[in-house]
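**Q** give me a 3D structure for the following:
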Amino acid sequence: MSNCARLIANIRQNISNFPATMKTDKGHGVRFSVDMELTGDNGRKARVITAWIDDNKTGEMRLTSAYVKARKG
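**A** The predicted structure is shown next:
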């Protein structure tokens with residue numbers, strides 16, 4: 001939680017470097033997922049999975065969730 005603003009900034013800065021996968025529209029707008037590999041403030045790389053929606057009401061593309069996937073080992 002202490003660096004969530006920096007994580008969101010990192011996602012926005014690098015989003016165009018990764019492909020988006022279109023998901024279904026469940027009535028609120030077309031959803032997308034983007035799996036990214038980002039470098040954190042500590043210099044380590046991590047897989048970050050993001051979800052987006054092209055909101056039907058606002059016309060805005062917005063981030064709905066993001067999580068860092070832990071590496072095994």
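**Q** quick one: mean pLDDT for stretch 13-31?
**A** Mean per-residue pLDDT for stretch 13-31: 94.
**Q** give me the contacts around it.
**A** 32-38, 50-57, 64 (CB atoms under 8 Å, 6 or more residues apart in numbering). For every residue, glycine as well, the C-beta is placed using N, CA and C.
**Q** give me the buried subset of those.
**A** Buried by 16 or more other CB atoms under 10 Å: 32, 34, 36, 38, 50, 52-54, out of these.
**Q** ok, which pair from these is furthest apart?
**A** L38 and D54 (22.6 Å; CB to CB).
**Q** thinking again about what came up before, any idea which of the buried ones among the contacts of stretch 13-31 is closest to I11?
**A** Nearest to I11 among the buried ones among the contacts of stretch 13-31, with distances taken as CB to CB, is T50, at 6.0 Å.
**Q** right, I'll call it a day here.
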